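[1] Sequence and predicted model, in that order:
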Amino acid sequence: RKEVEQDPGPFNVPEGATVAFNCTYSNSASQSFFWYRQDCRKEPKLLMSVYSSGNEDGRFTAQLNRASQYISLLIRDSKLSDSATYLCVFYRRGSARQLTFGSGTQLTVLP
Amino acid sequence: GAVVSQHPSWVICKSGTSVKIECRSLDFQATTMFWYRQFPKQSLMLMATSNEGSKATYEQGVEKDKFLINHASLTLSTLTVTSAHPEDSSFYICSANRDNYEQYFGPGTRLTVT
């Protein structure tokens, strides 16, 4: 079983829609979780960290469910500029800050 | 502004030649840098962890004699792809940690081996 599994999509949604991605992980020692965004042919950029209590940043809401071992990202009121690949990422405890990346979920917001 | 730079941003080379890619942390010192490779439509795969002043730690399946890593200073790590072949064509990205868990990524180097 892969350490991190994401639905690759693509998700094609109209502007203004709400869209949610999930990511499951298999290693219970996973400690810190993040969502990164990667545009085509660019490096990944941190979108937000994911906290156990859930956290929100504008139109973006991230949640962590340790019992079920998944994290989620909700995007409200989608903009054209949200089109990108969204990567779920985590650190393992004791991994010397090595990140493990999911394969990414591709989102296209349509006008 | 960018906190990690990479050079070159793209390179085309002939099969059998070697290519050196530089990764620099611009305004902070990084004792650890990471090298990733990303093939089209795939996620980033960690190749190796570069440790300043000591040998790099390679992930399983990555040939250390083919991908030479040198981390001679706290702001510079280099990756040399030796005797490159077309299957080495990929997007190579480095990253560096600041004093927290956030990693900053370089803009990547697109390598094409003909």
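    In hand now; what should we look at? Treat the numbers as computed from the prediction; the structure is a model and nothing was measured. Numbers count the residues shown, from 1 in each chain, chains lettered A, B, ... in the order given.

[2] I'd like to know which elements the strand or helix carrying A:Arg37 is packed against.
    Using DSSP states H and E, A:Arg37 maps to strand A:30-38. The elements that strand A:30-38 packs onto, with contact taken as 3 or more Cβ pairs under 8 Å, 6 or more residues apart in numbering or on different chains; DSSP states H and E, are strand A:44-50, strand A:60-65, strand A:70-75, strand A:84-92, strand A:99-101. Placement of C-beta: from N, CA and C, glycine included.

[3] In a markdown table, list these along with mean neighbour count and distance to chain B.
    Putting the helices and strands packed on strand A:30-38 into a markdown table (neighbours: other Cβ atoms under 10 Å in any protein chain shown; distance: least, Cβ to the nearest Cβ, whole Å) gives the following:
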| stretch | mean neighbour count | distance to chain B |
| --- | --- | --- |
| strand A:44-50 | 19 | 6 |
| strand A:60-65 | 18 | 15 |
| strand A:70-75 | 20 | 15 |
| strand A:84-92 | 23 | 6 |
| strand A:99-101 | 22 | 5 |
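
[4] picking that back up, so which bits of the strand holding A:Arg37 are buried?
    The neighbour-count criterion (16 or more other Cβ atoms under 10 Å in any protein chain shown) identifies A:30, A:32-38 as the buried residues of strand A:30-38.

[5] distance between the helix or strand of chain A with the lowest mean pLDDT and the chain's centre?
    None of the helices or strands of chain A scores lower by mean pLDDT, DSSP states H and E than strand A:99-101, at a mean of 83. On the basis of Cα atoms, centre = their mean, to the nearest Å, strand A:99-101 sits 12 Å off its chain's mean C-alpha point.

[6] Pull up the pairing partners for it, direction included.
    Within its sheet, strand A:99-101 is paired with strand A:84-92 (antiparallel), according to DSSP bridges.
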